[in-house]
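Chemist: Sharing a model that was predicted from the sequence below.
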Amino acid sequence: AMPTMCLPISYALNYPDRGNVPYGTLDFVAGLDLSFEGPDKQVFRSLDFAYEAGTIGRSLPTIVNAANEVAVDAFLSGKIKWLSIFDVVEHCMNSCEVTDLQSVEDVVNSDFNSRHTAVAFVNGLT
């Protein structure tokens, strides 16, 4: 589809059906010009957190995910500001023990510990 919001808006307005909305098609032969820029890692700090978690592995992706879910919930509830989401995730990455995951129980425990650490940190911010 053309690079407009027509398609996603149509999906949202007609959900669960797909509306019959003409939004054009891409013609890759007719001079299509696409350009991309690297992300602003100063603004989007969580991108580096995700890369680090993916590189280190073990329980760190679980820690990052759990902390992010707690932080986003705190933001949506009005408890913290948008940029504090990154502080919560970073705090948990630095505070929670990174362990090997050998079982589902290990994943659940890592998730629980990260959420507990994130909630305590959020409560300290408010």
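Modeler: Looks like it arrived, so ask away. The model shown is predicted, which means the values in this text are computed figures rather than measured ones.

Chemist: So which residue is dead centre in this structure?
Modeler: residue 68 (6.9 Å; CA atoms, centre = their mean).

Chemist: and the helix or strand where that residue lies, what other elements does it pack with?
Modeler: Element membership for residue 68, per DSSP states H and E: helix 60-76. Where contact means 3 or more CB pairs under 8 Å, 6 or more residues apart in numbering; DSSP states H and E, helix 60-76 is packed against helix 45-56, helix 84-95, helix 104-125. Every residue, glycine included, has its C-beta placed from N, CA and C.

Chemist: Which residues does it contact?
Modeler: With CB atoms under 8 Å, 6 or more residues apart in numbering as the test, helix 60-76 has contacts from 46, 49-50, 52-54, 80-82, 84-85, 88-89, 91-93, 96, 98, 101, 107, 110-115, 117-119, 122.

Chemist: Number of residues surrounding residue 115?
Modeler: Residue 115 has 19 neighbouring residues, counting by other CB atoms under 10 Å.

Chemist: in the worst-scoring helix or strand of the chain on mean pLDDT, what counts as buried?
Modeler: Across the helices and strands of the chain, mean pLDDT, DSSP states H and E gives its lowest value to helix 6-14, namely a mean of 83. Judged by neighbour count (16 or more other CB atoms under 10 Å), helix 6-14 contains these buried residues: 7, 10.

Chemist: what's the distance between it and the middle of its chain?
Modeler: In terms of CA atoms, centre = their mean, to the nearest Å, the centre of helix 6-14 is found 23 Å from the chain centre.
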